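In: quick one, what's the 3D model for this:
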Amino acid sequence: MPPDISGYVHKFIPNNADLSRVVIKVLRNVYQTPTLPMPLVKQVVERAFEQIRMEIRSDSSVFEEKLSMYANQLRPRYMAQINEIRKRGKKW
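Out: The predicted structure is shown next:
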């Protein structure tokens, strides 16, 4: 069984609990699945770091909204992998 979303997020953001909490919340709300491909999670985490560098606070609703929009833009690119993970998950 592949690691869940929070495992991947904590792998890429080990020392920032506030940021990781927001990223996990966004990914769970957008994709509504317990597991996601690691490259997708990595891209969303990198985007979150870019937004922090642009002086957007991680506890603001603007940060969460922009990250959600970006995650929705990535959906078509990773939909085949997400469906494959869902199918594999049912066989366990």
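In: other residues contacting stretch 25-44?
Out: 1-5, 8-9, 12, 23, 64, 67-68, 70-72, 74-75, 77-78, 81-82, 85-86, 89 (Cβ atoms under 8 Å, 6 or more residues apart in numbering). Quick note: C-beta positions are derived from backbone N, CA and C, even for glycine.
In: endpoint to endpoint, that stretch covers what distance?
Out: Terminal residues of stretch 25-44 are spaced 12 Å apart (Cα to Cα, to the nearest Å).
In: pLDDT averaged over that stretch - what is it?
Out: On average, the pLDDT along stretch 25-44 is 93.
In: residue boundaries of the helices in this protein?
Out: 5-12, 17-31, 38-53, 61-91 (DSSP state H).
In: could I get the ones you listed as CSV with mean neighbour count?
Out: Formatted as CSV, the helices of the chain follow (neighbours: other Cβ atoms under 10 Å):
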stretch, mean neighbour count
helix 5-12, 18
helix 17-31, 18
helix 38-53, 17
helix 61-91, 13
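In: worst average pLDDT in those helices?
Out: Among the helices of the chain, helix 61-91 carries the lowest mean pLDDT (a mean of 88).
In: what's in contact with stretch 71-80?
Out: Counting by Cβ under 8 Å, 6+ apart, 26, 27, 30, 31, 36, 37, 39, 40, 43, 44 sit against stretch 71-80.
In: ramachandran coordinates for the residue lying closest to residue 81 once chain neighbours are set aside?
Out: Leaving aside its sequence neighbours, residue 81 sits nearest to residue 37 (Cβ to Cβ, 6 or more residues apart in numbering; 4.5 Å). The phi and psi torsions at residue 37 (degrees, to the nearest 10) take the values phi -70, psi 140.
In: residue contacts, residue 24?
Out: Residue 24 sits in contact with 5, 6, 9, where contact means Cβ under 8 Å, 6+ apart.
In: distance-wise, check it relative to residue 11.
Out: 12 Å (Cβ to Cβ, to the nearest Å).
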